[in-house]
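Chemist: Sharing a sequence plus its predicted fold:
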Amino acid sequence: MNTKPLGILSANLVKVLCHHNIWIKDFDFKLGLDGYYFRTAVSTPNENQKLQVALAEAISGI
């Protein structure tokens, strides 16, 4: 996912979401990408809902 339009570095999301016990992969080190890309994976609707809520809180708090 690209967070550049939000102006939020993926490293900041990693820090905030880990407090919710949600782990995302910062792609800053990937060739061709910058510090605004991250990857996540969910396997259940409940995990997806938890991620959506945590992302909304993180975006509003950063």
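Modeler: Everything's here; your move.

Chemist: so where do the strands sit in this structure?
Modeler: Ranges of strands in the chain, per DSSP state E, are 25-26, 38-39.

Chemist: The last one pairs with which strands?
Modeler: Taking DSSP bridges as the criterion, strand 38-39 sits next to strand 25-26 (antiparallel) in its sheet.

Chemist: contacting residues around the strand it pairs with?
Modeler: By CB atoms under 8 Å, 6 or more residues apart in numbering, the surrounding residues in contact with strand 25-26 are 10, 11, 14, 35, 37, 38, 39, 40. C-betas here are computed from N, CA, C, even on glycine.

Chemist: Could you do stretch 36-50 as well?
Modeler: With CB under 8 Å, 6+ apart, stretch 36-50 has contacts from 1-4, 8-10, 13-14, 20, 22, 24-28, 30, 51.

Chemist: can you pull the contacts of the one residue sitting closest to the centre of the chain?
Modeler: By CA atoms, centre = their mean, the chain has its centre lying nearest to residue 13, at 4.8 Å. By CB under 8 Å, 6+ apart, residue 13 lies in contact with 3, 24, 38, 55, 58, 62.
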